[in-house]
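Chemist: pasting the structure only:
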C-alpha cells in the first residue's frame, strides 16, 4: 500500500476495491477484477475519520449493486450520515443502457453515497441543490474509471480541499491517493 496523505480534507471521494465472491463455474471470467480487492474489514480500517477536516467533511463513496450493505456499514463506521445516493447509469454512445455482468440481473449502474460528518459548509455558496440530479447518464469508461461529469459535480458542490482515494488519474485541485494514480493521467 502507498503512504497515507498527511493533511485533512473537506471532501473525500473513494472507490474502494470491493471484494467479489466469484463463481468458480463462471467460464467467462467476466467478473474478474484487474486489481487486488479488499475485504470489508480492510476497507473499514482505512483512516477516513483522520483524513476529514475536523469542522466537517463530505464523503462520496462509490459502490456496486453487490455492495450496498457494505457501503452503508462504511459510512456508519466512519461517522458519516447518508444524505443521498447518486446513480451512474452507464449508457452506450446512442444513449441506451449498457448492460454489464450480474448473476441475478445484469448491472448497468453504479452508485455513490453522498454523506456528511460534522458541520458541512461546502454547499453554503450554492443557492439550491435541486438543479443537480441523482442520476448521471454517461458512457461507461475503462474498468472502474468514473465519469468526468462526476468530478465536475463534486468540484461545483465542494470547493474546499479534495482527496480521491484509489484514484486512477490526477486532477487539478485534488490530491490523489492509490496505486493507480497515473493509470489515466490527463497531464495534470
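Modeler: It's in. Worth saying up front: this structure is predicted, and the values here are computed from it rather than measured. Numbering: from 1, shown residues only.
Chemist: Give me the average confidence score over stretch 99-107.
Modeler: What stretch 99-107 shows for mean pLDDT is 78.
Chemist: Let me fix that, I meant to ask about stretch 114-124.
Modeler: The model assigns stretch 114-124 a mean pLDDT of 80.
Chemist: what's the answer for stretch 139-147, then?
Modeler: 81.
Chemist: Tell me where this structure has strands.
Modeler: Taking DSSP state E as the criterion, the chain contains strands spanning 11-14, 56-63, 81-91, 109-118, 135-139, 162-165, 174-177.
Chemist: Can you lay out these as TSV showing mean neighbour count and distance to residue 50?
Modeler: The C-beta positions use only the backbone N, C-alpha and C, and glycine is treated the same way. Shown next, in TSV, are the strands of the chain (neighbours: other C-beta atoms under 10 Å; distance: least, C-beta to C-beta, whole Å):
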stretch	mean neighbour count	distance to residue 50
strand 11-14	25	11
strand 56-63	24	11
strand 81-91	15	18
strand 109-118	20	12
strand 135-139	14	30
strand 162-165	23	12
strand 174-177	20	13
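Chemist: Put together CSV for the ones you listed, with distance to residue 36 on each row.
Modeler: Shown next, in CSV, are the strands of the chain (distance: least, C-beta to C-beta, whole Å):
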stretch, distance to residue 36
strand 11-14, 16
strand 56-63, 17
strand 81-91, 23
strand 109-118, 20
strand 135-139, 27
strand 162-165, 15
strand 174-177, 16
